[in-house]
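# A predicted structure for the sequence below; I have some questions about it.
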Amino acid sequence: MEDVIDIVSWICLIGGSFFLFVGAIGVLRMPDIYTRSHAVGITDTLAAGLILIGLMFQAGLTLVTVKLVMILLFLLFTSPTSSFALNHTAWTSGLRPILHSDAPVEQDGETDGRE
Amino acid sequence: MFTAAAIALMITMAFAVIRAFVGPTLYDRILAVNMFGTKTVLIIAVLGFLMGRPEFLDIALVYALINFIGVIALLKYFKYGNLAIGPGEAPKSIEKGQDT
């Protein structure tokens, strides 16, 4: 039984680390604020949830698990709130997402070297 | 096993710091700082288990509260130009996205 709990905890922690990497690469590579906000949302909900659940498996039924559940619930409530506030502020300040129609147009049948 | 998660968290925090320095707009920096704060909460929790002292979770809980309030206050300041003004009142005109 101990081994099973260890393996499940290990899977949760590794999965959380994987989604942390995905979100971190997205934050660096995405083109504008709204898509970067999507990448941050992955790390704030999925990765944080998986890592905290992995820690809960390690802690067992103790007060530590109660604290971890409180941290997880708090993150799940505040992360969308701050994400919405940030994107709403960016929108009202005049930032607009990069759309496909903003892509450079072809001139005289020739491309400008980009796709 | 906690060491792997801690290393992944540190690399993610390093990427967030790079984004906070690169920008290019003010809101990208706030986004990166918010992400850094959330990852700080997680790394405090993981390090508590790594060192065998789960009492660190209290610090992580308090840090999550402070991080959320701080980001909301920062956004309100940059939206209205003043922390004492509310949404019903006329906001000060703010510059467009780009910081100086």
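Ah, there it is. Worth saying up front: this structure is predicted, and the values here are computed from it rather than measured. Residues are numbered from 1 along each chain as shown, chains lettered A, B, ... in the order given.
# residue nearest the middle of chain A, spatially speaking?
residue A:42 (1.9 Å; Cα atoms, centre = their mean).
# now chain B
Geometric centre of chain B, nearest residue: residue B:34, 2.2 Å, by Cα atoms, centre = their mean.
# hmm, back to that, from residue A:44, how far out is the closest residue in space to the residue nearest to the centre of chain A that isn't next to it in sequence?
Nearest in space to residue A:42, with sequence neighbours left out and distances taken as Cβ to Cβ, 6 or more residues apart in numbering or on different chains, is residue A:23 at 4.3 Å. Every C-beta, even on glycine, is put in place using the N, C-alpha and C of the backbone. Look at residue A:23 and residue A:44: by Cβ to Cβ, to the nearest Å, they are 8 Å apart.
# shared neighbours, those two?
Shared contacts of residue A:23 and residue A:44 (Cβ atoms under 8 Å, 6 or more residues apart in numbering or on different chains): residue B:35.
# how about the host helix or strand of residue B:70 against chain A, any contact?
Assigned by DSSP states H and E, residue B:70 belongs to helix B:56-80. Yes: against chain A, helix B:56-80 shows contacts by Cβ under 8 Å from any Cβ of the partner chain at B:57, B:58, B:60, B:61, B:64, B:65, B:68, B:71, B:72, B:75, B:78, B:79.
# how about residues contacting that helix?
A:64, A:67-68, A:70-71, A:74-75, A:78, A:81-82, A:85-86, A:89, A:92-93, B:26, B:30, B:33-34, B:37-38, B:40-42, B:44-45, B:47-48, B:83, B:86-87, B:91-92, B:94.
# longest helix anywhere in chain A?
Counting by DSSP state H, the longest helix found in chain A is helix A:63-92.
# for that one, what is the average pLDDT?
Confidence over helix A:63-92, taken as the mean pLDDT, stands at 90.
# now it: buried residues?
A:64-65, A:67-68, A:71-72, A:74-75, A:78-79, A:82-83, A:85-87, A:89-90 (16 or more other Cβ atoms under 10 Å in any protein chain shown).
# now the residues of helix B:56-80 next to chain A in CSV, with pLDDT and neighbour count?
What follows is the residues of helix B:56-80 next to chain A, written out as CSV (pLDDT from 0 to 100; neighbours: other Cβ atoms under 10 Å in any protein chain shown):
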residue, pLDDT, neighbour count
B:57, 89, 25
B:58, 90, 12
B:60, 90, 23
B:61, 91, 18
B:64, 91, 25
B:65, 91, 12
B:68, 91, 20
B:71, 90, 22
B:72, 90, 16
B:75, 88, 19
B:78, 83, 17
B:79, 81, 19
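# tally of neighbours for the nearest residue to residue B:3 once chain neighbours are set aside?
Distances taken as Cβ to Cβ, 6+ apart place residue B:50 nearest to residue B:3, at 6.6 Å, with adjacent residues excluded. Number of residues near residue B:50 (other Cβ atoms under 10 Å in any protein chain shown) recorded here: 15.
# residue B:50 is in contact with residue B:7, isn't it?
No: between residue B:50 and residue B:7 there is no contact under Cβ atoms under 8 Å: 10.8 Å.
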